[in-house]
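Participant: Okay, sequence plus prediction incoming.
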Amino acid sequence: MDVRLTTEQQQLRDAAADLADDLGPGSVAALEDESRIARLDKQLAATGFRSLRSDGASGVEVAIVAEEFGRGLVDAAFLGPVLADELARHVGTDASDATVAVGAQAFDARGAVRALALTGNTVTAAALGDAVPSADLTRSRAALGPAETVGELDAGAAQRWRALALVITTADLVGVCRGTLDLAVEYAKIREQYGHTIGSYQAVAHLLAEALTLTEGSVSILRHAAWAVDELPPAEAVRAAQVAKVYCARAARTVCETSIQVH
């Protein structure tokens, strides 16, 4: 595989990064800014990012957007609608108002009226119920109503969907890694102690260097898993996605803890 992004993929990344930088929450208080949220939802709907797979995008391209949104902690429904769109594409149903459900809860529920889920090879749909409290303030959840079957996937398509789900969740983690590392590095450049910026001290510099190594490694393993979604046999794609998820989840925790320690 060629890990370099094509010109079109770089443009997609830049467009996602611009949206994240312009309309992502700059603070916890911004999560309550209804005007910003309305502009964010409107802009996201206009981009067509939620229907990337229906438009022929690869797993790499979906991961690129998820990573940039994770970096900016974009509090708009993206991962859930993308996965719902992928299910709907296979069973021939509409996903314009849908998100995805896992277990008894729908994720990325803001703006959705129903949720699609994959159980085995069976795709079901359910109306959304009451909002469910969540520790993640950037991602809304909702309970589910009664489910009905809307279609079946063949075994290969079901495995590829699960690989895609793992990949874009991993991409979100990698984006968070990059975002929190950037914050820590910028803080280390301006925070002074004993007359010097804290980034000039080896103890802090080594922490940030280790975090950078983990982040760069996460990007590499994510790119391979995202490529595998479409290019490797389904079972191998799932395995690559599982390995990436494990590695990047551990890396993300370490990088976030490092950022807190630097601050």
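Facilitator: Now that the structure is in, tell me what you want to look at.
Participant: roughly how far apart are M1 and T93?
Facilitator: For M1, the distance to T93 (C-beta to C-beta, to the nearest Å) stands at 33 Å. From N, CA and C alone the C-beta is placed, and that goes for glycine too.
Participant: So for those two, which sits in the more crowded spot?
Facilitator: Neighbour totals were compared for M1 and T93, and T93 leads with 15 against 11 (other C-beta atoms under 10 Å).
Participant: Checking the residue nearest to that one when sequence neighbours are not counted next. Helix, strand or coil?
Facilitator: Closest residue to T93 apart from its sequence neighbours, by C-beta to C-beta, 6 or more residues apart in numbering: V150 at 5.3 Å. Here V150 is recorded as strand under DSSP: H, G, I helix; E, B strand; the rest coil.
Participant: my guess is V150 meets V91, correct?
Facilitator: Yes. If you go by C-beta atoms under 8 Å, V150 and V91 touch, sitting 5.7 Å apart.
Participant: overlap in contacts of these two?
Facilitator: V123 (C-beta atoms under 8 Å, 6 or more residues apart in numbering).
Participant: Tell me who's in contact with the residue nearest to T93.
Facilitator: V150 sits next to V91, T93, L116, V123, T124, A125 when contact means C-beta under 8 Å, 6+ apart.
Participant: got CSV for those, with distance to E67 and pLDDT too?
Facilitator: Listed next are the contacts of V150 as CSV, based on distance: C-beta to C-beta, whole Å; pLDDT from 0 to 100:
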residue, distance to E67, pLDDT
V91, 28, 92
T93, 28, 88
L116, 24, 96
V123, 27, 96
T124, 29, 95
A125, 29, 95
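Participant: need the next SSE after the helix or strand of the chain with the lowest mean pLDDT, C-terminal direction.
Facilitator: Lowest mean confidence among the helices and strands of the chain (mean pLDDT, DSSP states H and E): strand 192-193, at a mean of 88. Next helix or strand after strand 192-193 toward the C-terminus (DSSP states H and E): strand 196-197.
Participant: same for that next one, what does it pack against?
Facilitator: Counting contacts by 3 or more C-beta pairs under 8 Å, 6 or more residues apart in numbering; DSSP states H and E, strand 196-197 packs against helix 155-190.
Participant: Can you list the buried residues in the helix it packs on?
Facilitator: 157-181, 184, 187-188 (16 or more other C-beta atoms under 10 Å).
Participant: now the helices for this structure?
Facilitator: 7-23, 34-47, 59-71, 79-91, 155-190, 202-231, 234-262 (DSSP state H).
Participant: Adding distance to A131, write those helices out as a markdown table.
Facilitator: Listed next are the helices of the chain as a markdown table, based on distance: least, C-beta to C-beta, whole Å:
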| stretch | distance to A131 |
| --- | --- |
| helix 7-23 | 22 |
| helix 34-47 | 15 |
| helix 59-71 | 21 |
| helix 79-91 | 14 |
| helix 155-190 | 21 |
| helix 202-231 | 31 |
| helix 234-262 | 26 |
